[in-house]
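> Would you be able to build a 3D model of this:
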Amino acid sequence: MDIHDIALTLFAQLVHANGAQPLADEARIALGRDAYRFAEAFITAKDQYIRELPVPGNEQGY
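This is a model prediction of the structure:
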């Protein structure tokens, strides 16, 4: 998944969490920005987690 897929999924979930009420254009734009910001934070955290995993077969820890 790339950032766009993650952001789209988050955007859909944020819109769905709003309920059946229609959103104004400004609200949809704000949710879209939030979705991209959250997706970027998720990818950054995931990359950092992967970098910090121990390397198998390496007794020195790096």
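> can you pull the contacts of the most centrally placed residue in the chain?
The residue lying closest to the centre of the chain (C-alpha atoms, centre = their mean) is residue 39, at 2.2 Å. Neighbouring residues of residue 39 by C-beta atoms under 8 Å, 6 or more residues apart in numbering: 3, 6, 7, 10. Yep, even glycine has a C-beta here, placed from its N, CA and C like the rest.
> Run a quick neighbour tally on the last one.
The one in question is residue 10. Residue neighbour count, defined by other C-beta atoms under 10 Å, stands at 19 for residue 10.
> Surely it and residue 38 touch.
Yes - with contacts defined as C-beta atoms under 8 Å, residue 10 counts as touching residue 38 at a distance of 5.4 Å.
> which stretches of this structure have low pLDDT?
When residues are selected by pLDDT under 70, those of the chain lie in 58-62.
> the helices in it, which residues?
3-17, 25-52 (DSSP state H).
> most neighbours per residue, which of those helices?
helix 3-17 (a mean of 14; mean count of other C-beta atoms under 10 Å).
> what's the angle between that one and helix 25-52?
130 degrees (axes from the mean of the first three to the mean of the last three C-alpha atoms, to 10 degrees).
> I'd like the C-alpha coordinates of helix 3-17 written as PDB, please.
The C-alpha trace of helix 3-17 is given here as PDB (Å, rounded to 0.1, in the frame of the first residue of the first chain):
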ATOM      1  CA  ILE A   3       0.400   6.700   1.000                       C
ATOM      2  CA  HIS A   4      -2.500   7.400  -1.300                       C
ATOM      3  CA  ASP A   5      -4.200   4.100  -0.600                       C
ATOM      4  CA  ILE A   6      -3.800   4.600   3.200                       C
ATOM      5  CA  ALA A   7      -5.000   8.200   3.000                       C
ATOM      6  CA  LEU A   8      -8.100   7.200   1.000                       C
ATOM      7  CA  THR A   9      -8.900   4.400   3.500                       C
ATOM      8  CA  LEU A  10      -8.500   6.800   6.400                       C
ATOM      9  CA  PHE A  11     -10.600   9.500   4.600                       C
ATOM     10  CA  ALA A  12     -13.400   7.000   4.000                       C
ATOM     11  CA  GLN A  13     -13.400   6.000   7.600                       C
ATOM     12  CA  LEU A  14     -13.400   9.600   8.800                       C
ATOM     13  CA  VAL A  15     -16.300  10.400   6.600                       C
ATOM     14  CA  HIS A  16     -18.200   7.300   7.700                       C
ATOM     15  CA  ALA A  17     -17.500   8.200  11.400                       C
END
